[in-house]
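> build me a model from this:
(chains A, B, C, D, E, F, G and H)
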Protein chains: 8
Amino acid sequence: MGSTSDLPVMEKAAAFFESMEIPFEMNALSAHRTPAEVEKFASEAAGRGIKVIIAGAGMAAHLPGVIAAMTPLPIIGVPIKASLDGMDALLAIVQMPPGIPVATVAINGALNAAILSTQMMATNDKELFAKTVKYKEELKGKIVKANEELSKITYSYKTN
Amino acid sequence: MGSTSDLPVMEKAAAFFESMEIPFEMNALSAHRTPAEVEKFASEAAGRGIKVIIAGAGMAAHLPGVIAAMTPLPIIGVPIKASLDGMDALLAIVQMPPGIPVATVAINGALNAAILSTQMMATNDKELFAKTVKYKEELKGKIVKANEELSKITYSYKTN
Amino acid sequence: MGSTSDLPVMEKAAAFFESMEIPFEMNALSAHRTPAEVEKFASEAAGRGIKVIIAGAGMAAHLPGVIAAMTPLPIIGVPIKASLDGMDALLAIVQMPPGIPVATVAINGALNAAILSTQMMATNDKELFAKTVKYKEELKGKIVKANEELSKITYSYKTN
Amino acid sequence: MGSTSDLPVMEKAAAFFESMEIPFEMNALSAHRTPAEVEKFASEAAGRGIKVIIAGAGMAAHLPGVIAAMTPLPIIGVPIKASLDGMDALLAIVQMPPGIPVATVAINGALNAAILSTQMMATNDKELFAKTVKYKEELKGKIVKANEELSKITYSYKTN
Amino acid sequence: MGSTSDLPVMEKAAAFFESMEIPFEMNALSAHRTPAEVEKFASEAAGRGIKVIIAGAGMAAHLPGVIAAMTPLPIIGVPIKASLDGMDALLAIVQMPPGIPVATVAINGALNAAILSTQMMATNDKELFAKTVKYKEELKGKIVKANEELSKITYSYKTN
Amino acid sequence: MGSTSDLPVMEKAAAFFESMEIPFEMNALSAHRTPAEVEKFASEAAGRGIKVIIAGAGMAAHLPGVIAAMTPLPIIGVPIKASLDGMDALLAIVQMPPGIPVATVAINGALNAAILSTQMMATNDKELFAKTVKYKEELKGKIVKANEELSKITYSYKTN
Amino acid sequence: MGSTSDLPVMEKAAAFFESMEIPFEMNALSAHRTPAEVEKFASEAAGRGIKVIIAGAGMAAHLPGVIAAMTPLPIIGVPIKASLDGMDALLAIVQMPPGIPVATVAINGALNAAILSTQMMATNDKELFAKTVKYKEELKGKIVKANEELSKITYSYKTN
Amino acid sequence: MGSTSDLPVMEKAAAFFESMEIPFEMNALSAHRTPAEVEKFASEAAGRGIKVIIAGAGMAAHLPGVIAAMTPLPIIGVPIKASLDGMDALLAIVQMPPGIPVATVAINGALNAAILSTQMMATNDKELFAKTVKYKEELKGKIVKANEELSKITYSYKTN
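This next block holds a predicted model:
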């Protein structure tokens, strides 16, 4: 993340990795304030065994794209809502030029970034793939339960 | 893709896979007109050995999200510019709810979708990883060459 | 609705049906989390005697369009404000491709969705038609009464 | 429609009704230039046996909402792209206040307006319902055929 | 105004007319809920001696345009912020088609609407013209005084 | 107007004044390039007998607001489409602060600006008022004629 | 600044100049309410030894552009968020026509305006240049420290 | 510039420097494709005697911000229109976080970037200051001449 002020959004990704028992690390690295540290991190990441990088940033969000320029690893960008409802961060992350993609998720969508990174790593990992299948089942369970609670609301003209 | 009218955009992904010698298949499947075919495709994809799915769609672009709901494979969404400069497709693809990510690339960014899918598959594939490293080198070469051409433009007050 | 978090918006439709004594049912069905349940609901709806379906959803709102793809019944979409002031949901619902319309109402406009569904069913139902005529009269009464209250505000230079 | 300049968009609705053998009429009525004619049309429509009204308009598109204020019939609004990519017309049609819905379709979506009106009328008309089911089948057929044509494109690394 | 919920915005116009001793009246008239009352008001306004009409409305704001269609008097439209930051109301008021202008002021700009109406009436009224000149002088005075207060803030490196 | 490149838009106002036999003058005055000339024009306008000023400008359109700051005459602003579909000019003209209104018309709406200025001047001028009434009648005639031409289009299932 | 209501935003610039020991002055000058004072300030600024002018304004923000029209000094514009999330002010400041630039910073970005003005003055001032280099070093220090604090958060599956 | 495809926009800056006899250099450097070259350029610029850097980029335009992060020199950003009417580039350049300003000009505003850079350098350079004063005079002359041409257009009811 570009600043620790992004932690309340990004920690949802950390919580997901914890619950899935997937190793991860967290860093505050700013494309604008610590460009040398960003370059060091990005250029060394693949060699250190990192598989996927999630980068969250707000406003003129450059961090995901700058990292993507410096490593062949897949980069997931999380637009963080800091101004203009997050539209500036969304466009600054998703509209990458040909050759340097950033896999962009929803504004403040750090949980989805974590899930997506797991799906990427699961493409060649049967155990991780099984975990993602199980995770999706549980999501479905929540909606099914919500529907059951809805059915308990009583209206005179309700048919079910 | 949702319709063959999207082919001029999406064929850039096919051309990339050809150049990289990566096996792929192309389908026209509409979330709105052929929902049963989409479901069949999505639910069978992982079992058939497909690793990543790229879905391009315009307007109220549902195809990427609908497929993401039906498979644990990673889905890449390409917003296609058909109306409102592609802003409607971008928002309909990227703003997915918690639990079901779609890795979104730039409007009409089919080439980047293909590169991103390769990066995903390369996370556990050394040969493919080497190919993506080589591809990035070639991109850099084009800019370096462009810079050389720029330097040939003659102005009286230009310093280099 | 796609999630019970949408209930505060969607219950205005339920209240309208209660007041008009029109039978209805409420379900939480997610296009993304329970696609099989959505398909079962949509494909059985006409056979069960349902006349119109109202679907509310936020963000990359796919529920109305996904249901519209699976049934010949008319679908009314309610964009729910969850991000970007609801503009993402509005575009993801209204910009449907040729062949699969969704009748879209205002952001958070669940009451209007209920009224619209009644107008649809009233096209061949004289009793229901009479009810909608009466409802519109009552709306007018509220404005007329508001105008009377306005006229009681005293200003020195007000002419009426 | 508000002006005959809207005819190239709106005639797609007429063509649909022709192909479905559904009686219809076409009028140019402007909420701004011929308000008395609009009122006469709207207030007499139900009595003349009209079941649904489709109103197309651009810019500060008032026609659908003005008609909706004057009749209990369901109104379908077609935002016509004349400025700002049609966003002004979309918002001026869809954002109706509580009590007076307009069923809004996509920008320039006159075909969908015609299909939607048919679905509305089919809620209590078995013959018309059968026609809409058949129409949806044909739409699916076009995508299936498109998919077959896609499969004929030859790439070295294509899998199907 | 279209509803008494707009009163907190629109009463700034009333306060201006009070302070300028200009006769006015206030009405709640809805283009959507009381179209007949709007027509009666608009068609009789010129005959009753009304010189300018200010119409405030939110969302798909039709009131200013509907009145403009029914009277040759100049109409001033005030977009009221009720959704989408008032952008829907702004576009629904300002983007009028050729032939039927609405003089649009800023979102929630009821005070400016009142000032503008006074400027219009002052085009042939010397006394009113003198009042508007005096009002502008007083506005300037407020800024001059604000500047004096600013100059009292003490900073070590401030030059004045 | 701010530049003669705006002439194709603004000359519609001139044509209207010609057809209505209303005296007018045209100037190219730039708030940014000729501020002293703008100030001279604005501060002398009322004394020279000018009743209303129409100012057209594009991009960061300052001309209408700058003139409004320097004269008590009513100012009409025409946002000219030069970039961003004219949205920048619209916001830069309509969102004036309290105290200094600009009567804003549609993007490129020079004709409406001319009509609006005539309505303003007609508030105390019976002859001009009669002209605006006549003008509105002719507008209506065009739509009535258009409707007649529409009725000549032949469809098998058309009812009228 | 255009009004003292902008002081909470603009005082961040003052605080920066204080901390950098750079002389400055603050004024409330409105392009719309005190145009003569603005002209006096702008035309005299260069002669008084002012090097750079920072102008903050909201809504239809004309102040930066109006000053830029009246002095050859570089002008920095700060769009102030007062309506529409500050988008109206941003466009009204940044979209200046050819010939009259305004150096625009982020919405509410008064601190960046102060830094930018220092960078401009440092182009020919070695002492000031050294100060800006030092300031950037300190910014980097904050992120490095934030990263250290991040590393203290304990998760079971965190790798560092 | 980020790519030679930006040359048609950026060469207007070169033409300005030629006409003003100000030394300059042009480079194609991509924040995404040649990050090492960008870093080398940015970190060496001040030492080589460069005073101001103008960076033009489109889409998710990172080049200006990335350079700003690596040098204390003032950076001017030119948003280039490549998609979404240039709005993505504008937001990606102007919305920089506190500490790292980019002086942003209008979309495609390369000429203004060149003028602004000259104004910056002129803050401590009397000869350059005199040149910018002269340039502004010539701009005014063009408008004055345009006004003379406007006055030659003949209308019956034109007053001047």
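
> for stretch A:22-40, how far is the first residue from the last?
Distance between the boundary residues of stretch A:22-40 (C-alpha to C-alpha, to the nearest Å) amounts to 24 Å.

> buried sites along that stretch?
A:22, A:24-35, A:37-39 (16 or more other C-beta atoms under 10 Å in any protein chain shown). All C-beta atoms are positioned from the backbone trio N, CA, C, and that covers glycine.

> and which of these is nearest residue H:105?
residue A:32 (19.7 Å; C-beta to C-beta).

> for that closest one, give me its contacts.
A:2, A:62, H:65, H:68-69, H:96-97, H:99-100 (C-beta atoms under 8 Å, 6 or more residues apart in numbering or on different chains).

> just put these in JSON lines and tack on distance to residue F:56, neighbour count and secondary structure.
Compiled in JSON lines, those are given as follows (distance: C-beta to C-beta, whole Å; neighbours: other C-beta atoms under 10 Å in any protein chain shown; DSSP: H, G, I helix; E, B strand; the rest coil):
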{"residue": "A:2", "distance to residue F:56": "43", "neighbour count": "28", "secondary structure": "coil"}
{"residue": "A:62", "distance to residue F:56": "38", "neighbour count": "34", "secondary structure": "coil"}
{"residue": "H:65", "distance to residue F:56": "35", "neighbour count": "31", "secondary structure": "helix"}
{"residue": "H:68", "distance to residue F:56": "37", "neighbour count": "31", "secondary structure": "helix"}
{"residue": "H:69", "distance to residue F:56": "41", "neighbour count": "28", "secondary structure": "coil"}
{"residue": "H:96", "distance to residue F:56": "33", "neighbour count": "27", "secondary structure": "coil"}
{"residue": "H:97", "distance to residue F:56": "37", "neighbour count": "27", "secondary structure": "coil"}
{"residue": "H:99", "distance to residue F:56": "40", "neighbour count": "20", "secondary structure": "coil"}
{"residue": "H:100", "distance to residue F:56": "38", "neighbour count": "24", "secondary structure": "coil"}
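
> so which of those would count as near chain C as well?
The overlap between the contacts of residue A:32 and the neighbours of chain C (C-beta under 8 Å from any C-beta of the partner chain) is empty.

> biggest separation within those, which pair?
It's A:2 and H:68 that sit farthest apart of the contacts of residue A:32, by C-beta to C-beta, at 14.5 Å.

> closest to the centroid, which residue in chain A?
Central residue of chain A (C-alpha atoms, centre = their mean): residue A:113, 1.8 Å from the mean position.

> element containing it, please.
In this assignment (DSSP states H and E), residue A:113 forms part of helix A:110-121.

> got any ranges where chain A has weak pLDDT?
A:160 (pLDDT under 70).

> residue in it with the shortest distance to chain E?
Nearest residue of chain A to chain E (C-beta to the nearest C-beta) works out as residue A:85 at 9.5 Å.

> can you name the residue of chain A nearest to chain D?
Closest point on chain A to chain D, by C-beta to the nearest C-beta, is residue A:87, at 14.7 Å.

> surely that residue is in contact with residue H:91?
Yes: shown here, residue A:87 and residue H:91 form a contact pair, counting by C-beta atoms under 8 Å, at 7.2 Å.

> tell me which of the two has more neighbours.
More neighbours surround residue H:91 than the other of residue A:87 and residue H:91, with 30 against 24 (other C-beta atoms under 10 Å in any protein chain shown).

> name the nearest residue to the more buried one, ignoring sequence neighbours.
Distances taken as C-beta to C-beta, 6 or more residues apart in numbering or on different chains put residue A:88 closest to residue H:91, at 4.0 Å, once the chain neighbours are dropped.

> count the residues that sit near the one you found.
Residue A:88: 29 neighbours (other C-beta under 10 Å).

> can you classify it as helix, strand or coil?
The three-state label given to residue A:88 by DSSP: H, G, I helix; E, B strand; the rest coil is helix.

> wait, isn't it in contact with residue H:92?
Yes: checked against C-beta under 8 Å, the pair residue A:88 and residue H:92 is within contact range at 7.4 Å.

> who touches both of the two?
Common neighbours of residue A:88 and residue H:92 (C-beta under 8 Å, 6+ apart) are A:60-61.

> near chain H, which residues of chain A show up?
Residues of chain A lying near chain H (C-beta under 8 Å from any C-beta): A:2-3, A:30-33, A:35, A:39, A:58-62, A:65-66, A:68-70, A:83-84, A:87-88, A:91-97, A:99-100, A:102.

> ok so, going back, neighbours around the residue of chain A closest to chain E, how many?
17.

> list the contacts of the residue nearest to it when sequence neighbours are not counted.
Distance criterion C-beta to C-beta, 6+ apart; nearest residue to residue A:85, sequence neighbours excluded, is residue C:84 at 5.2 Å. Residue C:84 makes contact with A:85-87, A:107, B:91, B:95, according to C-beta under 8 Å, 6+ apart.

> regarding residue C:84, what are the backbone dihedral angles?
Per-residue torsions, residue C:84: phi 50, psi 40 (degrees, to the nearest 10).

> over to residue A:48?
Dihedral angles (degrees, to the nearest 10) for residue A:48: phi -80, psi 0.

> likewise the one 10 residues further on?
The phi/psi pair for residue A:58 (degrees, to the nearest 10) reads phi -120, psi 180.

> does residue A:58 touch residue A:77 like I think?
No: Residue A:58 is beyond contact range of residue A:77, at 11.3 Å (criterion: C-beta under 8 Å).

> okay, these two: which has more neighbours?
Neighbours were tallied for residue A:58 and for residue A:77 using other C-beta under 10 Å; the higher tally belongs to residue A:77 (32 against 28).

> setting aside sequence neighbours, what's the nearest residue to that one?
residue A:64 (3.4 Å).

> isn't the one you found right next to residue A:55, touching?
Yes: counting by C-beta under 8 Å, residue A:55 is a contact partner of residue A:64 at 3.9 Å.

> separation between residue A:37 and chain B?
21 Å (C-beta to the nearest C-beta, to the nearest Å).

> picking that back up, next SSE after the helix holding residue A:113?
Using DSSP H and E, the helix or strand that follows helix A:110-121 towards the C-terminus is helix A:126-150.

> quick one: is that next one near chain G?
No: applying C-beta under 8 Å from any C-beta, one finds helix A:126-150 out of contact with chain G, separated by at least 12.9 Å.

> near chain B, which residues of chain A?
A:46, A:51-52, A:72-74, A:76, A:90, A:94-107, A:109, A:111-113, A:115-116, A:119-125, A:129, A:132-133, A:136, A:139.

> CA atoms of stretch A:43-54 as CSV?
Provided in CSV are the C-alpha atoms of stretch A:43-54 (Å, rounded to 0.1, in the frame of the first residue of the first chain):
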residue,chain,number,x,y,z
SER,A,43,12.8,-5.9,-9.1
GLU,A,44,13.6,-8.4,-6.3
ALA,A,45,10.0,-9.8,-5.8
ALA,A,46,10.1,-12.6,-8.3
GLY,A,47,13.6,-13.8,-7.1
ARG,A,48,12.3,-13.8,-3.5
GLY,A,49,9.6,-16.3,-4.4
ILE,A,50,6.6,-13.8,-4.4
LYS,A,51,4.0,-15.0,-6.8
VAL,A,52,1.5,-12.1,-7.0
ILE,A,53,1.6,-8.5,-5.9
ILE,A,54,-1.5,-6.6,-4.7
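
> and that stretch, how far out from the chain middle?
16 Å (C-alpha atoms, centre = their mean, to the nearest Å).

> only the buried residues of that stretch, if you could.
For stretch A:43-54, burial by neighbour count (16+ other C-beta under 10 Å) applies to A:45-46, A:50-54.

> so which of these sit within helices?
Residues of the buried residues of stretch A:43-54 located in helices (DSSP state H): residue A:45.

> quick one: contacts for the residue of chain A closest to chain E?
Applying C-beta under 8 Å, 6+ apart, we find residue A:85 in contact with A:107, C:83-85, G:85.
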